[in-house]
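Participant: Pasting a predicted model and its sequence here:
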Protein chains: 2
Amino acid sequence: MAWKRISDAVIRRLPLYLRVLEEVKDKQISISSQELGDMAGVRPALVRKDLAWFGEFGKQGVGYDVEFLQDELRKILHLDEPIHMALVGVGSLGHALARYHHRRFMEDPIFTIKLVALFDVNPNLVGATLDSIPIFHPDEIAAVVPDMDVQMAIITVPSDVAQETGVALAQAGVKAILNFAPVNLEIPGNVHVANADLSLELQRLAYYIGT
Amino acid sequence: MAWKRISDAVIRRLPLYLRVLEEVKDKQISISSQELGDMAGVRPALVRKDLAWFGEFGKQGVGYDVEFLQDELRKILHLDEPIHMALVGVGSLGHALARYHHRRFMEDPIFTIKLVALFDVNPNLVGATLDSIPIFHPDEIAAVVPDMDVQMAIITVPSDVAQETGVALAQAGVKAILNFAPVNLEIPGNVHVANADLSLELQRLAYYIGT
DNA sequence: TAGATTGTTAATCGATTAACAATC
DNA sequence: TAGATTGTTAATCGATTAACAATC
């Protein structure tokens, strides 16, 4: 399976397929690459090629068994068991994302990524909880991350401390980071960083108001 | 200039270059594609190719004049004059994004995308303001958008009303939408939609915790 | 069996990189 | 002038699409 590196473009579409499968799972037993593609906004040939990287999940003349494919995709994305996540920087954005994520987690039983720890330098927050999630000082990252088995993190700290925050998380054992700070993080080791810089996205979109 | 469609991959890198230029503009007069590329995380040849789509901005043996290139990139991205933006759905996420964006706008004079109107169905919010930005009922989109010259919008409404919200915005004349709802919007006309679905991003990242 | 749909191969398309003549 | 660096062309690389034999 992991003998060949699978491109990021492929991985990016798997959660899209997962969303479609969840939507149709009560209505039908199987789904064709045609239908799955239509609903996900992807060409059927590409759907088949994407899935074929991981195994032979379909049946000729029939399509893919919805629940089986759902299970397989969950396994591939490590969503078949709980994932622990931390969030560093409980400012206005961090606070909102924490609450938003927590509500999502509570409402949707198949959403397995759980926020278990928050970090902030504000002494008024340290020691308190938000939606019953404990808030620690960032100095405790090295201790808390292994302790709570945290594997992913969201960074919502100010730009000037984003880099050191990323490094601290990586050294503590975090494997994937979603970074909202408007800086390009340079993280050592094989830690995957995804950027979710709102202002960059808006500036990019501005291009299209003139077409 | 617009005689040939410029690929989205190119447009996506322009704000990155803009950020680098802003960072160095007090320290140096000109910058080479090598240095610009290093700081933006892009190969120098690609930097030159990207910029060459829009004109001949550099000087052989010297590089690019920082302020001149900044001006040109701002013009290309329509960031040389104020852009009015609306946000629909003042729930916890929308509320936080509005405040976050507003602070960014106030602090950073070169950030020209201004949030001028909020929309929400909650009668306790309609008629009030947030950071002095007025909150309207979504029924008023058709009237307010042309009135206030709104060109971009952020959607943070619940999934089940995201599609109709998008259509209403498009019909009112909005040209670009940043959608945080976990649905694939089908918007008529040449409206550009970018998705910023947090849960999709996290599910994608989860793949990398096992590598 | 006949019809449908997969998994896979080959063809196409598009984006990135390397190389270099032009020239500041 | 000599050195540096652009803009552009050709080569490479990777991702998507079309086509179809295999088979449920």
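Facilitator: Ah, there it is. Everything numeric in this text was worked out from a predicted model, so none of it was measured. Numbers count the residues shown, from 1 in each chain, chains lettered A, B, ... in the order given.
Participant: which residue packs closest to the residue in chain A that chain B sits nearest to, ignoring adjacent ones?
Facilitator: Among all residues of chain A, A:Ala96 sits closest to chain B, at 2.7 Å; criterion: Cβ to the nearest Cβ. Heads up, the C-betas are built off the backbone N, CA and C, glycines and all. Setting aside the residues directly before and after it, A:Ala96 is nearest to B:Ala96 in space (Cβ to Cβ, 6 or more residues apart in numbering or on different chains), at 2.7 Å.
Participant: The helix or strand containing that neighbour packs against which elements?
Facilitator: Using DSSP states H and E, B:Ala96 sits in helix B:92-107. Helix B:92-107 is packed against helix A:92-107, helix A:198-206, strand B:83-88, strand B:113-119, strand B:129-130, with contacts defined by 3 or more Cβ pairs under 8 Å, 6 or more residues apart in numbering or on different chains; DSSP states H and E.
Participant: picking up where we left off before, just the pLDDT for the residue nearest to A:Ala96.
Facilitator: pLDDT, the model's per-residue confidence, is 91 for B:Ala96.
Participant: what's it in contact with, if anything?
Facilitator: For B:Ala96, the contacting residues are A:Ser92, A:Leu93, A:His95, A:Ala96, A:Leu97, A:Tyr100, by Cβ atoms under 8 Å, 6 or more residues apart in numbering or on different chains.
Participant: hmm, try it at 6 Å
Facilitator: Contacts here follow Cβ atoms under 6 Å, 6 or more residues apart in numbering or on different chains; on that basis B:Ala96 touches A:Ser92, A:Leu93, A:Ala96.
Participant: Kindly report the same for A:His78.
Facilitator: Applying Cβ under 6 Å, 6+ apart, we find A:His78 in contact with B:Ala206, B:Ile209, B:Gly210.
Participant: Flag the shaky bits of chain A, pLDDT-wise.
Facilitator: Counting by pLDDT under 70, chain A contains low-confidence ranges at A:1-4, A:211.
Participant: Distance of the residue of it most remote from its centre relative to A:Leu36?
Facilitator: With distances taken from the mean C-alpha point of chain A and given as Cα atoms, centre = their mean, the most distant residue is A:Gly61, at 34.0 Å. A:Gly61 sits 16 Å away from A:Leu36, going by Cβ to Cβ, to the nearest Å.
Participant: okay, how far is it across stretch A:106-120, tip to tip?
Facilitator: Using Cα to Cα, to the nearest Å, the end-to-end distance of stretch A:106-120 comes to 23 Å.
Participant: which other residues reach that stretch?
Facilitator: Under Cβ under 6 Å, 6+ apart, the answer for stretch A:106-120 is A:79, A:82-88, A:90, A:101-102, A:104-105, A:133, A:135-136, A:138, A:144, A:148, B:202.
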